[in-house]
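Peer 1: Sequence plus predicted model, see below.
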Amino acid sequence: MDAIFSAFAVLLFAAVILMIEGAWLWWSGAHGSAARRISKRLRMMAASSDGGSERVDILKRRSYSGYPALEKQLRRIGRLALLDRLLLQAGVHWSVAQFIGGSLVTIVLGLLLPKMLHVPLLPAIGALMLSIAMPWLLLMKVRGARLRKLEEQLPEAADFLGRALRAGHSFANVMQMVGEEMPEPIAGEFKFAYEEINYGVPMNEALHNLALRVPLTDLRYLVIAVLIQRESGGNLAEVFSNISRLIRARLKLMAQVRVMSAEGRMSAWVLGLLPLGVMLLMMVSNPAYIRVLWSDPIGVHLMWYALAVGVGGVLWMRKLIRIRV
């Protein structure tokens, strides 16, 4: 009798617990915060489908800052969207606020360090200009390295797309396969585009966003080929094979041009850095002799003229040895 009573008590306790949990799940599903968000989203979608101009953004928007107040202020500056796009293309995890904060820190250092070290006016101005340009130069260098890596991986990705399409996979599934099996950074870009399509973004818009994130001419050819094929039909796998062959030929030609222009680029580096090296050597060996260039007014004018001529020469040599393919 005691065993039956104990079993009945345990079952009664379990039934009460399950009843309370079911009531909680029902309430949270019908009246909780998640249910309210879903209801609000459905009302907005219904309003837009009835002719309203409001568009529901189902994708997560990149944040400019982790602080809502600063985020609101930064969103008011329209030109920061270009900076955010550069950060996205560089593949770095910096936000716009972090980049601006780092730039301000380098500018403050460029202002304070020359004063603390008692640097003359002309080198102090140069240090300030370098501190202003350094974050942007670093960002553009990281961006350029990532884009070059993507360009090198693009022929393999085009071949992969063509082989998968010949095997009978859909284009969306092929993008997922590229995101899972190809190395970074091209895998992350295709995976992001596939996730956009899964969230409901049209294929054309997802491919357009891919071309914006990766501003490469070869990738734009690939995107244009897909868009044309979706409109007019055709053998997309064969198109990918042709694009892959074209990209490989262009990369080979670029490598040949880079080898042929290596002597000119080395000469530009030597001629551009030689005056600075001689000045540093003279500052170490005979400071009194070189100090006239920034202590005498005529020397200051000569320094400005030399700087202008040097910058002009570097830009001219850069134009001569830079061959676009």
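Peer 2: Here it is on my side, so go on.

Peer 1: by contact count, what packs against whichever strand or helix holds residue 316?
Peer 2: Per DSSP states H and E, residue 316 falls inside helix 297-321. Applying 3 or more C-beta pairs under 8 Å, 6 or more residues apart in numbering; DSSP states H and E, one finds that helix 297-321 makes contact with helix 262-285, helix 292-295. To be clear about C-beta, it is placed using only N, CA and C from the backbone, and glycine gets the same treatment.

Peer 1: tell me the mean pLDDT over the longest helix that the chain contains?
Peer 2: Counting residues, the longest helix found in the chain (DSSP state H) is helix 121-166. Computed over helix 121-166, the mean pLDDT rounds to 86.

Peer 1: re the thing from before, most packed of the helices and strands packed on helix 297-321?
Peer 2: Across those, the average number of neighbours (mean count of other C-beta atoms under 10 Å) peaks for helix 292-295, which reaches a mean of 14.

Peer 1: Off-centre distance for that one?
Peer 2: Taking C-alpha atoms, centre = their mean, to the nearest Å, one finds helix 292-295 lying 44 Å from the centre of the chain it belongs to.

Peer 1: contacting residues around that helix?
Peer 2: With C-beta atoms under 8 Å, 6 or more residues apart in numbering as the contact definition, helix 292-295 has outside contacts at 120-123, 299-300, 302-303.

Peer 1: Likewise for stretch 97-113?
Peer 2: Defining contact as C-beta under 8 Å, 6+ apart, one finds that stretch 97-113 is touched by 64-67, 70-71, 74, 83, 87, 94, 119, 127-128, 130-132, 134-136, 139.

Peer 1: can you redo the helices and strands packed on helix 297-321 as a markdown table with mean pLDDT and distance to residue 311?
Peer 2: Listed next are those as a markdown table, based on pLDDT from 0 to 100; distance: least, C-beta to C-beta, whole Å:
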| stretch | mean pLDDT | distance to residue 311 |
| --- | --- | --- |
| helix 262-285 | 82 | 9 |
| helix 292-295 | 79 | 17 |
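
Peer 1: Turn the ones you listed into CSV, including distance to residue 238.
Peer 2: What follows is the helices and strands packed on helix 297-321, written out as CSV (distance: least, C-beta to C-beta, whole Å):
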stretch, distance to residue 238
helix 262-285, 37
helix 292-295, 65
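
Peer 1: How about the contacts made by residue 83?
Peer 2: Applying C-beta under 8 Å, 6+ apart, we find residue 83 in contact with 96, 99.

Peer 1: any idea how far it is from residue 95?
Peer 2: 10 Å (C-beta to C-beta, to the nearest Å).

Peer 1: And residue 260, by the same measure?
Peer 2: Distance of residue 260 to residue 95, given as C-beta to C-beta: 42 Å.

Peer 1: Could you list the low-confidence segments of the chain?
Peer 2: 1-19, 21-61, 122, 323-325 (pLDDT under 70).

Peer 1: what comes into contact with the helix holding residue 316?
Peer 2: Helix 297-321 is contacted from outside by 122, 261, 264-265, 267-268, 271-272, 275, 292-294, using C-beta under 8 Å, 6+ apart.

Peer 1: How about stretch 270-284?
Peer 2: For stretch 270-284, contacts defined as C-beta under 8 Å, 6+ apart pick out 289-290, 306, 310, 313-314, 317.

Peer 1: Report the buried members of these.
Peer 2: 290, 310, 317 (16 or more other C-beta atoms under 10 Å).

Peer 1: Is it possible to get CSV of these that adds distance to residue 280?
Peer 2: Formatted as CSV, the buried ones among the contacts of stretch 270-284 follow (distance: C-beta to C-beta, whole Å):
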residue, distance to residue 280
290, 9
310, 15
317, 22
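
Peer 1: just to revisit the earlier point, list only buried entries from the contacts of helix 292-295.
Peer 2: Burial by neighbour count, 16+ other C-beta under 10 Å: within these this picks out 300, 303.

Peer 1: got TSV for the contacts of helix 292-295, with distance to residue 210 too?
Peer 2: Listed next are the contacts of helix 292-295 as TSV, based on distance: C-beta to C-beta, whole Å:
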residue	distance to residue 210
120	50
121	49
122	47
123	45
299	55
300	52
302	52
303	49
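
Peer 1: nearest to residue 214, of the buried ones among the contacts of stretch 270-284?
Peer 2: Checking the buried ones among the contacts of stretch 270-284 against residue 214 with C-beta to C-beta, the nearest one is residue 317 at 30.2 Å.

Peer 1: returning to what we had before: now, the most widely separated pair of the contacts of helix 297-321?
Peer 2: Farthest pair in those, by C-beta to C-beta: 261 and 292, 38.7 Å.

Peer 1: higher neighbour count, residue 260 and residue 95?
Peer 2: Applying other C-beta atoms under 10 Å to residue 260 and residue 95 shows that residue 95 carries more neighbours, namely 19 against 11.

Peer 1: Am I right that that one is in contact with residue 67?
Peer 2: No. Residue 95 is beyond contact range of residue 67, at 10.3 Å (criterion: C-beta atoms under 8 Å).

Peer 1: picking that back up, which strands and helices sit next to the longest helix of the chain?
Peer 2: Going by 3+ C-beta pairs under 8 Å, 6+ apart, helix 121-166 lies up against helix 80-90, helix 96-116, helix 171-181, helix 186-198, helix 217-232, helix 236-260, helix 292-295.

Peer 1: Many thanks, I have nothing further to ask.
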